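S.K.: All I have is the shape, not the residue letters:
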């Protein structure tokens, strides 16, 4: 294969590498597909250091707790993907061509679009052409020996792969499959032909050996028959260029390279917020122990408090803070003994957003109180403008075939991003603005008590149990300790989530951002620590700073009008009466009631729960039944 080509083959946003196509996944380029390599292949050499490191101690601590499930790895840095400024002005420069996220072509079997030749890349039949440094998307493989009219035809990726529940991914064994597990009698490494015959019943792709003319259809590799016909999984991790030393005892499953279940990310995210004013020292030390453990003298406290990233120290008494650090140093760090699991990332955010005192403004977070006028005050105790915020996200692994579930770890098996433990994981950040809403507890609390044993909420709980049971993958052994109600978000979450979606759909029409650019964070807490908050904010990579269109809607009288309009729109749907009468009944296991794409559903990137746990009847009366309504009558249309 020719080496006279530029190395860049495409571009991707940081958020795309985090949620859509990160390490271990296949990325579809215009002419072929590539697989993102593991962390060992990433390099930040020669690019500086500080600008690629995202400082967020609370997220770093949470990542370390989750990574204890993989072993004893400890992360000290959250790094962005390597990039280089100047790619537009000097696209031919070595410093641009040699910088980026490393990928490799995968699957490595290609098919000529003219003669249907099927062969691996290293067979010498195909040539990579990527001669325009300013157009990496034009990179392509061609079949140089199949020249007609002076132009070599395009070679495209053969789309079939093998995967297993342990997260392994491998090439489809075309030669082995065609010859039914035997060697070709005429060639040790035969070339093949692939013909797609189309049809509307099932895949109809025939494979034929060019040497012995043996022929077979890909349908034989599908379903239960395919499990018998295909070889066992070899335990391959192509993103790490490795095989499991002990092999793999799972069955390999045929998968099309673009299938939606070939990769699911394991990610964590948090808002970069200062400690809440007046928060106990123990909580502050828990959140930022890695940064403050050296502040053991008054002189160090004074010096550190002058730095911008340590401005939160000004909220605390110097002597008390130093004494708390010394006490913890003498007794050891609590972070080291934390149990692995899912840390509470929303609790500290709630304390800042809903606190009685506003935190000191900074470059990462600024919040102001707004006046509540009119009937809106009967539903909210606080409406605050978050004029500046920063969200940091980190990827810690991925799964294949089955999506991860924090409440049921047995449902999918996580895959590492590295061969040997490293001190960093990939991360990204977004900046924007938002509106924080605190719902009145004297409204939400009685509603929860009233709804706890209602017929409507019972139907939602039973649907959740069916959903959990049905999501138990038949690929993995069933757990004897399975709890069908584990992870149930609770009645107050359903009410807050439904209200959030109603507001998002209305706000998107006026704030200047598209609905897909907005995101939500629901602070519902649990029975021990009930909360009642909603944060609606922008969360897109290109929203550097703030535009002000979102926070301005929190001002009076705009917000009162928006709430009234959101509730009015929630009272009707173009799919009514089908939508208004919907309630999950046996055997249905969908997790929404009166909600659909015409009234409450939003973009998948906007909703934190995939458009689940929604029901309009919790906000407005439907079908002349208002017993379940949370909203005060003064706000209803």
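M.R.: It's in. Here the structure is a predicted model, which means the values were calculated and not measured. Numbers count the residues shown, from 1 in each chain.
S.K.: hey, let's count contacts and neighbours off CA atoms from now on
M.R.: Fine.
S.K.: Spell out the secondary structure type for residue 396.
M.R.: For residue 396, the secondary-structure state derived from DSSP: H, G, I helix; E, B strand; the rest coil is strand.
S.K.: And it, how close does it get to residue 421?
M.R.: Here the criterion is CA to CA, to the nearest Å. By it, residue 396 lies 12 Å from residue 421.
S.K.: quick one: which of the two has more around it?
M.R.: Under the criterion of other CA atoms under 10 Å, the comparison of residue 396 against residue 421 puts residue 396 first, with 24 against 16.
S.K.: okay but that one is in contact with residue 63, surely?
M.R.: Yes - using CA atoms under 8 Å, residue 396 and residue 63 qualify as a contacting pair, with a distance of 7.3 Å.
S.K.: Quick check: neighbours shared by these two?
M.R.: By the contact definition CA atoms under 8 Å, 6 or more residues apart in numbering, residue 396 and residue 63 are jointly contacted by residue 268.
S.K.: Touching, residue 354 and residue 440? I think so.
M.R.: No - checked against CA under 8 Å, the pair residue 354 and residue 440 is beyond contact range at 11.7 Å.
S.K.: more neighbours, the two?
M.R.: Set side by side, residue 354 and residue 440 show more neighbours around residue 354, with 20 against 17, by other CA under 10 Å.
S.K.: so what's that one up against?
M.R.: Counting by CA under 8 Å, 6+ apart, residue 354 touches 382, 438, 533.
S.K.: The helix or strand of the chain with the lowest mean pLDDT: what's the following helix or strand?
M.R.: Using mean pLDDT, DSSP states H and E, the weakest-scoring helix or strand in the chain turns out to be helix 94-97, at a mean of 57. Next in sequence after helix 94-97, counting helices and strands by DSSP states H and E, comes strand 103-105.
S.K.: Show me what the following helix or strand past that next one is packed up against.
M.R.: Where DSSP H and E defines the elements, the next helix or strand beyond strand 103-105 is strand 109-112. Using 3 or more CA pairs under 8 Å, 6 or more residues apart in numbering; DSSP states H and E as the contact definition, the elements that strand 109-112 packs against are strand 117-120, strand 154-157.
S.K.: Partner strands of strand 109-112, with direction?
M.R.: strand 117-120 (antiparallel), strand 154-157 (antiparallel) (DSSP bridges).
S.K.: residues making contact with the helix or strand just after the last one?
M.R.: Spelled out, it's strand 154-157. Scanning forward in sequence from strand 154-157 by DSSP H and E, the next helix or strand is strand 160-163. Contact partners of strand 160-163, identified using CA under 8 Å, 6+ apart, comprise 107, 169-172, 233, 252-257, 262, 400-401.
S.K.: go with 10 Å
M.R.: The contact list for strand 160-163 (CA atoms under 10 Å, 6 or more residues apart in numbering) reads 106-107, 109, 168-174, 218, 230-236, 250-259, 262, 400-401.
S.K.: Go ahead and build a PyMOL selection from the buried members of the residues you listed.
M.R.: The buried subset of those, as determined by 16 or more other CA atoms under 10 Å, is captured in PyMOL by this line:
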select buried, resi 106+107+109+168+169+170+171+172+174+218+230+231+232+233+234+235+236+250+251+252+253+254+255+256+257+258+262+400+401
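S.K.: Could you list which of the contacts of strand 160-163 belong to strands?
M.R.: When these are checked against strands using DSSP state E, the ones located there are 109, 169, 170, 171, 236, 253, 254, 255, 256.
S.K.: Out of these, which comes closest to residue 570?
M.R.: Checking those against residue 570 by CA to CA gives residue 256 as the nearest, at 40.1 Å.
S.K.: Please list all residues in contact with the closest one.
M.R.: Applying CA under 10 Å, 6+ apart as the definition, the contact partners of residue 256 turn out to be 158, 159, 160, 161, 162, 163, 172, 262.
S.K.: before we move on, the earlier item: need the overlap of contacts for residue 354 and residue 440.
M.R.: Overlap between the neighbourhoods of residue 354 and residue 440 consists of 381, 382, 531, 532, 533, taking contacts as CA under 10 Å, 6+ apart.
S.K.: Checking my notes, the fourth one in a helix, right?
M.R.: No - remark: residue 532 does not belong to a helix; assigned using three-state DSSP, it is strand.
S.K.: and the gap between it and residue 633?
M.R.: Residue 532 sits 20 Å away from residue 633 when distances are taken as CA to CA.
S.K.: Those two: which has the busier surroundings?
M.R.: Shown here are residue 532 and residue 633; by other CA under 10 Å, residue 532 has more neighbours (22 against 12).
S.K.: these two touch, right, the more buried one and residue 525?
M.R.: Yes - here residue 532 reaches residue 525: they are 7.6 Å apart, a contact under CA atoms under 10 Å.
S.K.: Quick check: neighbours shared by the two?
M.R.: Residues touching both residue 532 and residue 525 (CA under 10 Å, 6+ apart) are 350, 492, 493.
S.K.: most neighbours, which of these?
M.R.: With neighbours taken as other CA under 10 Å, the top of the shared contacts of residue 532 and residue 525 is residue 492, carrying 24 neighbours.
S.K.: give me phi/psi at that residue?
M.R.: When read as degrees, to the nearest 10, the backbone of residue 492 gives phi -70, psi -30.
S.K.: Next: the one 10 residues further on.
M.R.: Backbone torsions for residue 502, taken as degrees, to the nearest 10, come to phi -60, psi -40.
S.K.: Leaving out sequence neighbours, find the closest residue to it.
M.R.: Distances taken as CA to CA, 6 or more residues apart in numbering place residue 566 nearest to residue 502, at 5.4 Å, with adjacent residues excluded.
S.K.: That neighbour touches residue 631, doesn't it?
M.R.: No - using CA under 10 Å, residue 566 is not in contact with residue 631; the gap is 11.6 Å.
S.K.: what is in contact with those two at once?
M.R.: Listed as contacting both residue 566 and residue 631 by CA under 10 Å, 6+ apart are 499, 619.
S.K.: Do a quick rundown of the helices in the stretch 251-400 of the chain.
M.R.: Along the stretch 251-400 of the chain, the stretches classed as helices by DSSP state H, counting those that start in this stretch are 281-292, 298-304, 318-331, 346-353.
S.K.: So which bits of stretch 58-72 are buried?
M.R.: Buried residues in stretch 58-72, counting neighbours by 16+ other CA under 10 Å, are found at 58, 59, 60, 61, 62, 63, 64, 65, 66, 67, 70.
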